[in-house]
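Chemist: Model the structure of this input:
(one chain, ligands or ions: 2)
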Amino acid sequence: MSAVPAIAFQGVRKVFRGKPVLQGVDLAIEVGETFTILGGSGSGKSVCLKHMIGLLEADAGEIRVDGRDVTHLGERGWVEERKRFGMVFQSAALFDSLSVYENVAYPIREHRLDEEARIRERVRQCLDAVGLAGVESLQPSELSGGMRKRVGVARAIALEPAIILYDEPTTGLDPANSRRIGRLIQKLQADLGVTSVVVTHDMELCHAVSDRLALLRDGRIVVEGSAASFRETEHPEMRDFLEGTSDPLPPAIASTQGPAGV
Ligand SMILES: Nc1ncnc2c1ncn2[C@@H]1O[C@H](COP(=O)(O)OP(=O)(O)OP(=O)(O)O)[C@@H](O)[C@H]1O
Ligand SMILES: [Mg+2]
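Modeler: Ligands and ions are numbered 1, 2, ... in the order given. Predicted structure coming up:
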């Protein structure tokens, strides 16, 4: 374990229109590990990731990247800082009007003044890394969901990031494609030594890739530990998240009182 975490949150708070979403989040993600954030829908997982790359600014608390305080870096400072990050957005978020080639080349064009030949070579390498060699000329609309996600990963690694953030990288994918994404996350960590932060509801992915994981609930990290320890230990909060024991279906659904004629 390195002395300085890749990403550290201390008491991070975020309120949207009077609604507290993060209520004192503490996290320390070590260099080179794959760290998974679990939590119910709307618990603030995507909001957490967006704080890590300065797309949202904390109302209180402190955020450090490789020991540097980035809490109030501002947009201009983040332009430089963000080069160290790759982000795979929840919806794949490809530019539909651009070809696969232009999608993957986009961050390179945005951040570096490279010759076209070098950009072409880098795009080829990135598509190769995600198992999609030769699809440069396709439009996003011509891709399957799994291919779109993988192009999203190719774009995220274009600038050789030290840290990759994955927001629900397997949502909407079939089991084979989900496993392929899991293997890709492991391969990028092994080959490039990147630090990975994964947000997911997919417990198979979680078990396949995580070194450590954390559960976000009521605006705080309520459980954090090695992935192995969760398989062996009984955590009431974790069991509750997995089995939904504190959130039973309303009785109307189970009884005959549903809406008439439906
Ligand atoms: N930019 C924003 N402005 C206002 N409210 C926001 C904003 N971003 C997120 N929220 C709110 O913050 C809460 C947490 O949202 P977030 O997207 O982080 O949830 P999540 O845990 O990623 O959920 P899911 O698993 O469904 O993706 C939600 O109530 C959401 O409406
Ligand atoms: Mg989300």
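Chemist: Those residues of the chain touching ligand 1, which are they?
Modeler: Counting by CB under 6 Å from any ligand atom, the chain comes close to ligand 1 at 16, 21, 39, 41-47, 90. C-betas here are computed from N, CA, C, even on glycine.
Chemist: Most neighbours among those, which one is it?
Modeler: Of those, residue 44 is surrounded by the most neighbours, 25 neighbours in total, counting by other CB atoms under 10 Å.
Chemist: Is it correct that residue 7 is in contact with residue 68?
Modeler: No. With contact defined as CB atoms under 8 Å, residue 7 does not count as touching residue 68 (10.7 Å).
Chemist: More neighbours: these two, which one.
Modeler: residue 7 (24 against 12).
Chemist: Now that one: closest residue in space that isn't a chain neighbour?
Modeler: With sequence-adjacent residues excluded and distances taken as CB to CB, 6 or more residues apart in numbering, residue 7 is closest to residue 29, at 4.3 Å.
Chemist: Please name the nearest non-neighbouring residue to residue 130.
Modeler: Leaving aside its sequence neighbours, residue 130 sits nearest to residue 150 (CB to CB, 6+ apart; 4.1 Å).
Chemist: Which element, helix or strand, includes that neighbour?
Modeler: Taking DSSP states H and E as the criterion, residue 150 maps to helix 145-156.
Chemist: name the helices or strands packed onto that helix?
Modeler: Applying 3 or more CB pairs under 8 Å, 6 or more residues apart in numbering; DSSP states H and E, one finds that helix 145-156 contacts strand 85-88, helix 100-111, helix 116-129, helix 175-192.
Chemist: got those as JSON lines, with mean neighbour count and mean pLDDT columns?
Modeler: Output for the helices and strands packed on helix 145-156, formatted as JSON lines (neighbours: other CB atoms under 10 Å; pLDDT from 0 to 100):
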{"stretch": "strand 85-88", "mean neighbour count": "25", "mean pLDDT": "91"}
{"stretch": "helix 100-111", "mean neighbour count": "19", "mean pLDDT": "90"}
{"stretch": "helix 116-129", "mean neighbour count": "16", "mean pLDDT": "90"}
{"stretch": "helix 175-192", "mean neighbour count": "16", "mean pLDDT": "88"}
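Chemist: Lovely, talk soon.
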